[in-house]
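Novice: I would like the atomic coordinates for the input below:
(one chain, ligands or ions: 1)
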Amino acid sequence: MEKQWKRPHRLVLVPCPFQGHINPMLHLGYILHSKGFSITISHTQFNFPNTANHPDFHFLPIVDGFSDRVVSSGNFIDVISSFNNNCRAPLEESLALVMETREYDGEITCIIYDEYMYFAAAVAKHLKLPSIILRTSSAIHDLTYNAIPGLLKDGHISTQDADPILLESVPGLHPLRFKDLPITNFKSINDLLQLIANAHETRTSAAIIWNTMDCLEGKSLAQLQQQSQVPLFAIGPFHKIAPAKSCSILEEDTNCIEWLDKQACNSVIYISLGSIASMDKKELAEMEWGLANSQQHFLWVVRPDPTTTCSEWTDSLPEGFIEAIGERGCIVKWAPQKEVLAHGAVGGFWSHCGWNSTLEGLCEGVPMICQPYFGDQWVHARYLTQVWRTGQEWGDNMERGEIERAVRRLIVDKEGKEMRQRAVHLKEKIDICMSEGGGSYNSLYELVGYILSLKIA
Ligand code: UDP
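Specialist: All right, here's what the predicted structure looks like:
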């Protein structure tokens, strides 16, 4: 559907300023822009994206006043609270001003905000604008969150969970085990409950958009729709529906694509733990020798550790390692991941199972080794290994012999080939879901109609 109206409708998008949240929001912007909407990205100064890469969008900075201490504390709840406490007034003021001065070429039709930037719902209400929530994780992760208050009430979990139940199934959430619940990285269950209450409250919002698809999560989406007062639109995978120029905050090292061009089909394992998770020094050393001993080719993202004083980021690797692997390995600080996963040479993905990485791997039919660290990653790892069966579970033992065997199993052995076949089959289903008449295609069509029907109060 191309522009069908005289005055363009403008959408204001409010991403949460982390890489795994910025990517889907910008991609959503491209999808809706392709349907004729004008797009304004209202972004914190912290982690501001490179606007030169997105000339189709207007950018409206939010003066955030964040303290580095809170942002670098790593305490997710404090960081999210800080975003919500600091950003409401600046967003409200800047939007009120642009509405008053008619600075834009169209009226603001709706605010679409990341679920963790829930202050935007209050801003929308105050300005009498409709709002829509974007959830950037999976539907199954959301179902898991919704189940936690009930699990607590029924005594299935408590703040003093003991080890023996960790491997037992969670009632109503098969095949998830207690160890897969996204509860372990919070200071207390009460903190988590507060986060769920804030982010999962639909407030005055008119709908929820999901970066997922019914061919992958149909059952979970149907359950969520039953629990929800507002319509859900599953229109993923965003990055395939509207490919965008890089949304990376860090600079991508594109040399690795040239290196991949020289490798045989399905011969390379790509290792990346996303933008937040990282291995400690000991794990890095085991990984290095596990990879070297596997005799397989690898492309490895090693993000520089901001706390070390190494002049060269590769100083964190053991002496002689780079020379020892020669042409067999390529190590970068940050990769153009979507391009890497779509490259024919990549035969496997060692991943932390963040939702974007999970989707990006599934969309390219790449089997995975699943090494979750925190939050939703546990849920996705379990689904990859047990439901979609395109991944193998990584245990806790970061030991070079285990790593060598896991890599060979994925790239060389029959088990890996079978996983790859299943992954390719799933990729075909995802392709159908995105094309005309497919679930995501239809939901997007409905979403556009729904946004245009929203009434400004
Ligand atoms: N990514 C990238 N280059 C890298 C590593 C990651 O572009 O070297 C991108 C990846 O494609 C994904 C995002 O960073 O879109 C990470 O999001 P994800 O949800 O997988 O994990 P998070 O970083 O939120 O833990």
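Novice: Would you mind naming what in the protein lies close to the ligand?
Specialist: 19-20, 23, 248, 272, 274-277, 301, 334-335, 337-338, 354-357, 360 (CB under 6 Å from any ligand atom). C-beta coordinates here come from the backbone N, C-alpha and C atoms, glycine included.
Novice: Which members of these occur in helices, if any?
Specialist: The helices, defined by DSSP state H, take in 19, 20, 23, 337, 338, 355, 356, 357, 360 from the residues of the chain next to the ligand.
Novice: Now do the fourth one: how many residues are near it, please.
Specialist: Right, residue 337. 22 (other CB atoms under 10 Å).
Novice: hang on, isn't it packed against residue 361?
Specialist: No - if you go by CB atoms under 8 Å, residue 337 and residue 361 don't touch, sitting 9.4 Å apart.
Novice: From residue 261, how far out is the spatially most distant residue from the centre of the chain?
Specialist: Centroid-distance maximum for the chain: residue 101 at 36.0 Å, with CA atoms, centre = their mean. Separation of residue 101 from residue 261 (CB to CB, to the nearest Å): 51 Å.
Novice: How about residue 123?
Specialist: 47 Å.
Novice: how close does the residue nearest to residue 27 when sequence neighbours are not counted sit to residue 326?
Specialist: Using CB to CB, 6 or more residues apart in numbering and skipping the chain neighbours, the partner closest in space to residue 27 is residue 238 (3.7 Å). Relative to residue 326, residue 238 is positioned 38 Å away (CB to CB).
Novice: Mind checking which of those two has more residues around it?
Specialist: Between residue 238 and residue 326, residue 238 has the larger neighbour count (other CB under 10 Å), namely 27 against 7.
Novice: shouldn't that one be in contact with residue 22?
Specialist: No - using CB under 8 Å, residue 238 is not in contact with residue 22, being 11.9 Å away.
Novice: hmm, which helix or strand of the protein has the shakiest average pLDDT?
Specialist: helix 68-71 (a mean of 69; mean pLDDT, DSSP states H and E).
Novice: and the single nearest residue of the stretch 101-250 of the chain relative to the ligand, how many neighbours does it have?
Specialist: Of the residues in the stretch 101-250 of the chain, the one nearest the ligand is residue 248, at a distance of 5.1 Å by CB to the nearest ligand atom. If you count neighbours by other CB under 10 Å, residue 248 ends up with 18.
Novice: cool, and the one 4 residues further on?
Specialist: Neighbour count for residue 252, taken as other CB under 10 Å: 18.
Novice: Now do the contacts for it.
Specialist: 246, 334, 335, 336 (CB atoms under 8 Å, 6 or more residues apart in numbering).
Novice: Which among those residues count as buried?
Specialist: 246, 334, 335, 336 (16 or more other CB atoms under 10 Å).
Novice: Identify, from those residues, the entry nearest to residue 184.
Specialist: Residue 184 has its nearest neighbour among the buried ones among the contacts of residue 252 in residue 334, at 27.2 Å by CB to CB.
Novice: Name the SS class of residue 103, please.
Specialist: Following DSSP: H, G, I helix; E, B strand; the rest coil, we place residue 103 in the coil state.
Novice: residues touching it, list them.
Specialist: residue 97.
Novice: correct me, but residue 200 touches residue 115?
Specialist: Yes - with contacts counted by CB under 8 Å, residue 200 reaches residue 115, the gap being 7.4 Å.
Novice: Kindly provide the distance from the residue of the stretch 1-150 of the chain at minimum distance from the ligand to residue 293.
Specialist: Proximity of the stretch 1-150 of the chain to the ligand (CB to the nearest ligand atom) peaks at residue 20, 2.1 Å away. In this view, residue 20 and residue 293 are 32 Å apart by CB to CB.
Novice: got the buried residues for the helix or strand encompassing residue 282?
Specialist: Secondary structure from DSSP states H and E places residue 282 in helix 281-294. Buried positions in helix 281-294, judged by neighbour count with 16+ other CB under 10 Å: 284, 285, 286, 287, 288, 289, 290, 291, 292, 294.
Novice: Could you give the separation of it from the chain centroid?
Specialist: 26 Å (CA atoms, centre = their mean, to the nearest Å).
Novice: Also stretch 427-439?
Specialist: Distance, centroid of stretch 427-439 to centroid of chain: 20 Å (CA atoms, centre = their mean).
Novice: Dump the C-alpha coordinates for it into PDB.
Specialist: This file holds the C-alpha atoms of stretch 427-439, laid out as PDB (Å, rounded to 0.1, in the frame of the first residue of the first chain):
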ATOM      1  CA  LYS A 427      13.500 -20.800   7.300                       C
ATOM      2  CA  GLU A 428      11.200 -21.800   4.400                       C
ATOM      3  CA  LYS A 429       8.200 -21.600   6.700                       C
ATOM      4  CA  ILE A 430       9.300 -18.100   7.800                       C
ATOM      5  CA  ASP A 431       9.700 -17.000   4.200                       C
ATOM      6  CA  ILE A 432       6.100 -18.100   3.500                       C
ATOM      7  CA  CYS A 433       4.800 -16.300   6.600                       C
ATOM      8  CA  MET A 434       6.300 -13.000   5.300                       C
ATOM      9  CA  SER A 435       5.100 -13.300   1.700                       C
ATOM     10  CA  GLU A 436       1.700 -12.300   0.300                       C
ATOM     11  CA  GLY A 437      -1.100 -14.200   2.100                       C
ATOM     12  CA  GLY A 438       1.200 -15.300   5.000                       C
ATOM     13  CA  GLY A 439       0.500 -14.600   8.700                       C
END
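Novice: ok, and for it, which residues are buried?
Specialist: 427, 430, 432, 433, 434, 438, 439.
Novice: Rebuild those as CSV, extending it with distance to residue 257, secondary structure and pLDDT.
Specialist: Below are the buried residues of stretch 427-439 laid out as CSV (distance: CB to CB, whole Å; DSSP: H, G, I helix; E, B strand; the rest coil; pLDDT from 0 to 100):
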residue, distance to residue 257, secondary structure, pLDDT
427, 20, helix, 98
430, 23, helix, 98
432, 28, helix, 98
433, 28, helix, 98
434, 24, helix, 97
438, 30, coil, 98
439, 32, helix, 98
